[in-house]
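**Student:** what's the 3D shape of this:
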Amino acid sequence: MTHKPSDRSAAIFAILSLIFSLTIISLTLLSASCSNDAKPAPTKAEVTLDPNVYKPDHPELFKLVTVEARELPTVLTANGSVTPDVNRTIHVTSQGSGRVVDLKVRLGDSVSKGQGLLSIYSADLAGAFSDYQKAVADERLAKTSLDRAQLLYSHGALAEKDIQQAEDAEEKAKVDVQNTEQHVRILGGDPAHPGSLIELRAPVSGTIVEQNISGFEGVKSLDNSPNLFTIADLTQVWVVCDVYENDLSQIKLGDSAEIRLNAYPGRVYRGTVADISRVLDPNLRSAKVRIVLANADGSLRPNMYAVATFRSRQLQPRLVVPSSAIMRLQDKDWVFLKEGQNQFRKTEVHTQGVTQDGFQVLQDGPLKAGDQVVANALSFSTSVAEQGK
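**Tutor:** Modelled structure (predicted):
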């Protein structure tokens, strides 16, 4: 069978159209495939996060407490130390010089009034006894002369002026005896028992809190020698604190004070403010505040470190939260303040002591009455830290 030229051309045209259509479809499919594999170039977005804001997964697990407003005294703390009561402290000295031959007590010993402290061999006392004995002998002689003069005067054998001179000599001799006897007693001797040893005795009962002498040392005269001992009655002591000038207006005479000592962590001593110094320390810019404490059991010892908490008698509105709601971190105090349904902010606060029921008193700051904070700040902080890992 033979084909016509027009039929052959039509067949070729149809074949070319089909090839062109297949090429277009292939290119389209290849373009679609490439477009599915390609990704757009990444773009950076600046995201700023507040490190003090926390969003826990389960906020309902953390108990909240409300910041309360109370009428409370102003609370102030100050460092200090225990010191003897100056009014109950005696400095023991020797009126005569010499050398120690017997030291009977030591620093820290308890002594009773009249108890012997030390014995001093003293040339001063020996000289005083010598003068006393001479005065006694002179007075005896003057008394004998007066008796003889009176006898002669009664028989008209002596002039009146002579009897007057004898009486005057007797009076002067008595004065000399009295003076020399007193000198012996001042030096610590007993006129009835002559000797050269000064027996130094305790003038009061108490504790020896200072000792400036040891055995066989020389004791100088009063004008160039320190006191040998200091005896203090420690049944009542002072706690002396340094209070900065900015805080002095918050402390008044008669305010109560609580004293805590490192030696007795669980014990609280209570006293009252007895004195506030009128002069400031030029270096510390602070004043000495004195608190009087009873010390019947002797547990308070001089130079113990103390922390005093002062409470004013005038009440002021203060904010309080439970102590567990405050977390100590990096020498600062923090609470977790609720800001929304699932958001808490770590907020710095400043404390002013603890109330009797265990609440922390807050200074003026970011919190206000009615705010809610996490009841257990430490537990909350641990939980959100683990959540962020």
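
**Student:** Let's see the pLDDT reported for Ile12.
**Tutor:** The confidence metric pLDDT takes the value 61 at Ile12.

**Student:** quick one: secondary structure of Arg345?
**Tutor:** Three-state assignment for Arg345 (DSSP: H, G, I helix; E, B strand; the rest coil): strand.

**Student:** Same check on Asn87?
**Tutor:** helix.

**Student:** Use 2 as the first number for this chain going forward.
**Tutor:** Sure, I'll start numbering at 2, so the last one becomes Asn88.

**Student:** okay, now it: neighbour count?
**Tutor:** If you count neighbours by other C-beta atoms under 10 Å, Asn88 ends up with 9. Bear in mind the C-beta positions are built from the backbone N, C-alpha and C, glycine included.

**Student:** where does this protein have low pLDDT?
**Tutor:** The model of the chain has pLDDT under 70 over residues 2-50, 222-226, 388-390.

**Student:** Phe381 - nearest residue in space that isn't next to it in sequence?
**Tutor:** In space, and not counting its chain neighbours, Phe381 is closest to Val375: 4.5 Å by C-beta to C-beta, 6 or more residues apart in numbering.

**Student:** Could you check how far the residue nearest to Val293 when sequence neighbours are not counted is from Asp256?
**Tutor:** Nearest residue to Val293, sequence neighbours excluded (C-beta to C-beta, 6+ apart): Ala275, at 4.6 Å. Note on Ala275: its distance to Asp256, by C-beta to C-beta, to the nearest Å, is 10 Å.

**Student:** Pick out whichever of the two has more residues nearby.
**Tutor:** Shown here are Ala275 and Asp256; by other C-beta under 10 Å, Asp256 has more neighbours (20 against 16).

**Student:** Would you confirm that that one contacts Thr273?
**Tutor:** Yes. The pair Asp256 and Thr273 passes the contact test of C-beta atoms under 8 Å, sitting 6.9 Å apart.

**Student:** Heading C-terminal from the helix or strand containing Asn80, find the next helix or strand.
**Tutor:** Per DSSP states H and E, Asn80 falls inside strand 69-85. Toward the C-terminus, strand 69-85 is succeeded by strand 90-93 as the next helix or strand (DSSP H and E).

**Student:** ok, and what's touching that next one?
**Tutor:** Outside strand 90-93, the residues that touch it by C-beta atoms under 8 Å, 6 or more residues apart in numbering are 118, 201, 203-205, 207, 210, 228-234.

**Student:** and with 10 Å instead?
**Tutor:** 84, 112, 118-119, 201-205, 207, 209-214, 227-235 (C-beta atoms under 10 Å, 6 or more residues apart in numbering).

**Student:** Kindly report the same for stretch 182-195.
**Tutor:** Contacts to stretch 182-195, defined as C-beta under 10 Å, 6+ apart, come from residues 95-99, 120-121, 123, 125-134, 136-137, 178, 181, 196-202.

**Student:** Could you list the alpha-carbon positions for it in CSV?
**Tutor:** Provided in CSV are the C-alpha atoms of stretch 182-195 (Å, rounded to 0.1, in the frame of the first residue of the first chain):
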residue,chain,number,x,y,z
GLU,A,182,50.2,53.7,162.7
GLN,A,183,48.0,54.8,159.8
HIS,A,184,50.9,54.6,157.4
VAL,A,185,51.6,51.0,158.4
ARG,A,186,47.9,50.1,157.9
ILE,A,187,47.8,51.8,154.4
LEU,A,188,50.8,49.7,153.3
GLY,A,189,49.0,46.6,154.4
GLY,A,190,50.7,45.9,157.7
ASP,A,191,49.3,45.2,161.1
PRO,A,192,50.8,47.5,163.9
ALA,A,193,50.3,44.7,166.4
HIS,A,194,52.5,42.3,164.2
PRO,A,195,55.6,44.1,163.0
